[in-house]
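Student: Kindly generate the corresponding structure for this input.
(4 chains)
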Protein chains: 2
Amino acid sequence: MEYSITRKERDCIVALRENSGFPVRLFNIAELLDIKAPTAFELIKRLESKNIIKKTNGVISLTPYGNSIYSEIIMAHRTLELILTRSGVNSDKACQQIEKIDYLMDDTSVQKLFKSLGQPQTCPHGKPIKLN
Amino acid sequence: MEYSITRKERDCIVALRENSGFPVRLFNIAELLDIKAPTAFELIKRLESKNIIKKTNGVISLTPYGNSIYSEIIMAHRTLELILTRSGVNSDKACQQIEKIDYLMDDTSVQKLFKSLGQPQTCPHGKPIKLN
DNA sequence: CATGATATTAGTATAATACTAAAATATATA
DNA sequence: TATATATTTTAGTATTATACTAATATCATG
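Tutor: Just a heads-up that it's a prediction; the model follows:
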């Protein structure tokens, strides 16, 4: 898929998808990411120009491209998380650690990693690893 | 050890240590990192102010603190590299992939990872994993 | 001491992050 | 509908990391 995003962009993508239970607006993102509205505005503008999110009547959502990026991030996240927790790293710690790097991983490598783990169905929290 | 560095700082630390066969000066770093002298100058200034490197008559070297950071980076690098290559990722690819994240890893997690791999003596390239 | 090598300063630029204050726009309610 | 409230956007500023060119300074050596 070949994407290149920043840490805050990653957090925004994840927040959007993990709060899809309600219509997410700019001020929600500001709250969720703990930043002020103008900062959120900038971030959103950047993600829009990259075609990762779109705004419809002020409601922000991931584009198909954005969703595919989310899937890769979360696949990387859970795969790595599993490796760390299996090694004895506490799961909160693992999560904290992994969110610093999950969006930097190459998908091909993650896929191989995933296969070598025996294609587990769930991560340590019980959430499905494979999405889409 | 708790360090926080940037990607270019990481590259500089690694380059310094991996070219310790000769006295490394500013212009060597510029060459090694493929940046112009003034950019190298800035980078070096920053690393000096963080107490990671020191300059003695124009010759740049890692401080003890810098060396300890290098050890953690390389420990993380080789451990992760081993995990990737064992999963079937080509070793050049693995290296490329891992240098994007090795300096972001928490040492405690890396230690656990390392132990769970059976404390291997060498990485895929045959270099020792444990330093110091 | 002059020349060439090396380092430094000055000035500029960009991207990502972040803020405050103010203005504009939308929405809701009296 | 008018006003109040909520939300978004603009304008202006700041910081950190990265990077450059051009110019100047410093150092070492022949």
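Student: Report the separation between the residue most central in space within chain A and chain B.
Tutor: Nearest to the mean C-alpha position of chain A, counting by CA atoms, centre = their mean, stands A:Val14 at 3.7 Å. Separation of A:Val14 from chain B (CB to the nearest CB, to the nearest Å): 17 Å. C-beta: built from backbone N, CA, C; applies to glycine.
Student: Ok, A:Asp102 next?
Tutor: Distance from A:Asp102 to chain B, counting by CB to the nearest CB: 9 Å.
Student: got the contact list for that residue?
Tutor: With contacts defined as CB atoms under 8 Å, 6 or more residues apart in numbering or on different chains, A:Asp102 is in contact with A:Arg10, A:Ile73, A:Ile74, A:Ala76, A:His77, A:Leu80.
Student: need the residues of chain A near chain B, please.
Tutor: Counting by CB under 8 Å from any CB of the partner chain, chain A comes close to chain B at A:83-84, A:86-89, A:93-94, A:97, A:100-101, A:104-106, A:108-109, A:112-113, A:115-116.
Student: Okay, and which of the contacts of A:Asp102 map to helices?
Tutor: Using DSSP state H, A:Arg10, A:Ile73, A:Ile74, A:Ala76, A:His77, A:Leu80 are the members of the contacts of A:Asp102 that sit in helices.
Student: right, and the pair among those residues with maximum separation?
Tutor: The most widely separated members of the ones in helices among the contacts of A:Asp102 are A:Arg10 and A:Leu80, with 13.9 Å between them, by CB to CB.
Student: Name the residue in these two with the higher neighbour count.
Tutor: Taking neighbours as other CB atoms under 10 Å in any protein chain shown, A:Arg10 and A:Leu80 compare with A:Leu80 leading, 25 against 20.
Student: how close does the more buried one sit to DNA strand C?
Tutor: Distance, A:Leu80 to DNA strand C, by CB to the nearest atom of the strand, to the nearest Å: 20 Å.
Student: My guess is that residue contacts A:Lys100. True?
Tutor: No - in this structure, A:Leu80 is not within contact of A:Lys100 by CB atoms under 8 Å, at 10.4 Å.
Student: now the strands: where do they sit in chain A?
Tutor: Taking DSSP state E as the criterion, chain A contains strands spanning A:53-56, A:59-62.
Student: and of the ones in helices among the contacts of A:Asp102, the nearest to DNA strand C?
Tutor: Nearest to DNA strand C, judged by CB to the nearest atom of the strand, of those is A:Arg10 at 7.9 Å.
Student: residue contacts, A:Ser20?
Tutor: Applying CB under 8 Å, 6+ apart, the residues near A:Ser20 are A:Ser61.
Student: Quick one: neighbours of A:Tyr65, just the number.
Tutor: Residues near A:Tyr65, counting by other CB under 10 Å, number 15.
Student: residues from chain A in reach of DNA strand C?
Tutor: For chain A, the residues in contact with DNA strand C (CB under 7 Å from any atom of the strand) are A:6-9, A:33-39, A:42-43, A:46, A:57-58.
Student: Make TSV from the contacts of A:Asp102 and add pLDDT to it.
Tutor: Shown next, in TSV, are the contacts of A:Asp102 (pLDDT from 0 to 100):
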residue	pLDDT
A:Arg10	98
A:Ile73	98
A:Ile74	96
A:Ala76	97
A:His77	97
A:Leu80	97
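Student: gap between A:Val89 and DNA strand D?
Tutor: Distance, A:Val89 to DNA strand D, using CB to the nearest atom of the strand: 27 Å.
Student: who are the neighbours in contact with that residue?
Tutor: By CB under 8 Å, 6+ apart, the neighbours of A:Val89 are A:Gln97, B:Thr108, B:Ser109, B:Lys112, B:Leu113.
Student: With respect to DNA strand D, which of those residues is nearest?
Tutor: Lowest distance from DNA strand D to the contacts of A:Val89 (CB to the nearest atom of the strand) belongs to A:Gln97, with 20.5 Å.
Student: can I assume the closest one is in contact with B:Asp107?
Tutor: No - between A:Gln97 and B:Asp107 there is no contact under CB under 8 Å: 10.6 Å.
Student: what about those two, which has more around it?
Tutor: The neighbour comparison of A:Gln97 against B:Asp107 (other CB under 10 Å) goes to A:Gln97, with 21 against 17.
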